[in-house]
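can't give you the sequence, but here's the structure:
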């Protein structure tokens with residue numbers, strides 16, 4: 001299950017991003033998951049909650065956004081997003097293309113509460 005490894009990396013990235021900030025509690029982490037990433041949302045969710053135990057992310061909610069893939073048309077050079085096959089360029093209506101993105105998994109946002117300053 002490569003989702004456990006992916007999520008472990010996501011936690012490292014999130015922890016680094018929050019390092020030095022006055023974080024009291026993480027509310028949500030939003031992941032963008034490309035449809036060509038082969039990452040299963042249910043497995044990512046399982047890994048998230050398993051790895052979150054006893055960390056600052058323990059009470060956080062995971063939001064997964066399914067992202068399409070990016071296609072570049074060989075005929076007219078247009079780039080556009082697609083979610084399924086067959087793929088037809090919306091500009092020139094040709095089916096001559098290269099898939100140039102869509103296998104990414106990344107943190108889109110982290111929502112957290114700040115600790116109150118003590119005076």
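Thanks, I have it. It should be emphasised that the depicted structure is a prediction, and the values quoted were computed from it without experimental measurement.

List phi and psi for the residue nearest the centre of the chain.
Closest to where the C-alpha atoms of the chain average out (CA atoms, centre = their mean) is residue 32, at 2.4 Å. Note on residue 32: its backbone torsions stand at phi -100, psi 120 [degrees, to the nearest 10].

wait, doesn't it sit right on residue 103?
No. Applying CB atoms under 8 Å as the test, residue 32 and residue 103 come out as separate, 11.6 Å apart. Backbone N, C-alpha and C define where each C-beta goes, glycine included.

hey, what's the residue nearest to the centre of the chain bridged with?
For residue 32, the beta-bridge partners are residue 65, residue 106 (DSSP bridges).

Which helix runs longest in the chain?
Scanning the chain for the longest helix, with DSSP state H as the assignment, gives helix 2-18.

Can you pull out the residues in contact with that helix?
With CB atoms under 8 Å, 6 or more residues apart in numbering as the test, helix 2-18 has contacts from 26, 29, 31, 38-40, 43-44, 46-48, 50-52, 55-57, 105, 107, 110, 112.

for stretch 59-74, same thing?
25-36, 41, 44-45, 48-49, 52, 78-83, 87, 89, 91-92, 94, 96-104, 108.

same thing but 6 Å
Contact with stretch 59-74 is made by 26, 28-36, 41, 45, 48, 79-83, 87, 89, 96-102, as judged by CB atoms under 6 Å, 6 or more residues apart in numbering.

ditto for stretch 30-38
Where contact means CB under 6 Å, 6+ apart, the residues beyond stretch 30-38 that reach it are 39, 63-65, 67, 69, 102-106, 108-109.

chain center to that stretch: distance?
Stretch 30-38 has its C-alpha centroid displaced from the chain centroid by 5 Å (CA atoms, centre = their mean, to the nearest Å).
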